[in-house]
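A.B. asks: Okay, sequence plus prediction incoming.
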Amino acid sequence: MIRSVDKEGLKRLGKHIKELRIKKDISQEELGFSANVSISQISKIETGKQNTSFSTLIAICKALNITLNEFFDDFDYPVPVRSKGKK
């Protein structure tokens, strides 16, 4: 099960991928083809409904012609909040 902070992170990750894709004027179909990922999977990742593997993220970055560093430079990941009583 995906925790709420993880859900928010997945939504932000997907939104970031979508923004980069649109900025590069690439369709979901083109991104999926270049990254060897189905259009359905790209759609689910962009909407935060599906987690992505590290290797898929690398493939998406290559398809967008950016490095992982460039990808994460502008990525605003939510800060995890610890529950009371847990370390």
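C.D. replies: Done, it's in.

A.B. asks: Can you list the buried residues in the helix or strand containing Glu8?
C.D. replies: Assigned by DSSP states H and E, Glu8 falls within helix 4-23. Judged by neighbour count using 16 or more other C-beta atoms under 10 Å, the buried positions of helix 4-23 are 9-10, 13-14, 16-18, 20-21. For the C-beta atoms, the positions are set from N, CA and C on the backbone; glycine is no exception.

A.B. asks: Of those, which one scores lowest on pLDDT?
C.D. replies: Lowest pLDDT among the buried residues of helix 4-23: Gly9, with 85.

A.B. asks: measure that residue to Glu29 for me?
C.D. replies: 26 Å (C-beta to C-beta, to the nearest Å).

A.B. asks: Can you name every helix or strand that the least confident helix or strand in the chain by mean pLDDT contacts?
C.D. replies: The helix or strand of the chain with the poorest confidence is helix 4-23; it has a mean of 88 (mean pLDDT, DSSP states H and E). When contacts are defined as 3 or more C-beta pairs under 8 Å, 6 or more residues apart in numbering; DSSP states H and E, helix 4-23 sits against helix 39-46.
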